[in-house]
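Trainee: what follows is a predicted protein model with its sequence.
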Amino acid sequence: MVPGIFEPTLFSRRMKLPPSFYIRAMHPKTEIRPDLESVRRILDAGWVAQLKIHGHRAQVHIHESALQPVLVYNRQGQLHKKELPAAMENELRRIFQPARGWNVIDAEWIKDQDKIYAFDFLKQDDQLLRGLNFETRWKRLPRNVLSPSVQILPLLRDAKECMEALARSEEWIEGVVFKSQTPGFEDTSIIRCRKQKI
């Protein structure tokens, strides 16, 4: 049956596209044991570590214009259903506002605490940073951020720091993640190390 001229068709339907698209970022598929020997071996191979925060993955897209909304995608590439609190949105704009186009930050969002822990820079001033390794991207994140709702996760470079992180008792710290020095956002560039359950 042929549709009437005023009925929607495949060609007449309009889908609203987001102004900034989700970037498929790395997600750990493998893990190591939380013991000193395993941690030393991966660090000796040139990897660096960060705390693994137990929250909601949040890929934050911030435009140069305050008229564009701050977009926050989950790990599946869908926009989070919970809206950012206005104070947190203002802080994200203050800290990560690009000079032009979009900045995209990878982070963990602890929603019940209204805190975002940023750990990677995926796009800066509308330029995708896929050609850089993790540590080079991380160095582009701002330093010495003082904010009630946004924190930049530091790098952990030695086994003692990693073992201390794995011994922390806070529920929102799941363990550590190790990231390689290969460029890009590949899943093989990241390995998780969870705290031991007591």
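Mentor: Arrived safely.

Trainee: quick one, strands of this protein?
Mentor: Ranges of strands within the chain are 30-31, 48-53, 56-63, 71-73, 102-110, 115-124, 127-128, 150-152, 173-179, 190-194, based on DSSP state E.

Trainee: Arg194 against Glu31, yeah?
Mentor: Yes: Arg194 lies in contact with Glu31 (Cβ atoms under 8 Å); the separation is 6.5 Å. Every C-beta, even on glycine, is put in place using the N, C-alpha and C of the backbone.

Trainee: let me know the pLDDT of the spatially most central residue of the chain.
Mentor: The centroid of the chain falls nearest to Asp106 when counting by Cα atoms, centre = their mean (1.9 Å). pLDDT recorded at Asp106 is 98.

Trainee: list the beta-bridge partners for it.
Mentor: Under DSSP bridges, the beta-bridge partners of Asp106 are Gln59, Asp120.

Trainee: I'd say it and Leu122 touch.
Mentor: Yes: the pair Asp106 and Leu122 qualifies as a contact (Cβ under 8 Å) at a distance of 5.6 Å.

Trainee: shared neighbours, these two?
Mentor: Counting by Cβ atoms under 8 Å, 6 or more residues apart in numbering, the contacts common to Asp106 and Leu122 are Ala25, Gln59.

Trainee: quick one on the thing from earlier: Pro18 is nearest to which of the strands of the chain?
Mentor: strand 71-73 (6.2 Å; Cβ to Cβ).

Trainee: which elements pack onto that closest one?
Mentor: strand 56-63 (3 or more Cβ pairs under 8 Å, 6 or more residues apart in numbering; DSSP states H and E).

Trainee: any idea of the mean pLDDT in the strand it packs on?
Mentor: Averaging pLDDT along strand 56-63 gives 98.

Trainee: quick one: contacts of it?
Mentor: 19-20, 22-23, 25, 27, 70-75, 80, 92-93, 96-98, 101-111, 116, 118, 122.

Trainee: still on that earlier bit, might you report the residue contacts of the residue nearest to the centre of the chain?
Mentor: Residues counted as contacts of Asp106 (Cβ under 8 Å, 6+ apart) are Ala25, Arg57, Ala58, Gln59, Val60, Ala118, Phe119, Asp120, Phe121, Leu122.

Trainee: make it 10 Å
Mentor: With contact taken as Cβ atoms under 10 Å, 6 or more residues apart in numbering, Asp106 is in contact with 23, 25-26, 57-60, 73, 118-123, 137, 185.

Trainee: quick check: the farthest pair among the residues you listed?
Mentor: Tyr73 and Arg137 (17.7 Å).

Trainee: longest helix of the protein?
Mentor: Assignment by DSSP state H gives helix 86-96 as the longest helix of the chain.

Trainee: which positions within that one qualify as buried?
Mentor: Buried residues in helix 86-96, counted by 16 or more other Cβ atoms under 10 Å: Met88, Glu89, Glu91, Leu92, Arg93, Ile95, Phe96.

Trainee: and stretch 152-164, by the same measure?
Mentor: By 16+ other Cβ under 10 Å, the buried positions in stretch 152-164 come out as Ile152, Leu153, Leu156, Ala159, Glu161, Cys162, Met163.
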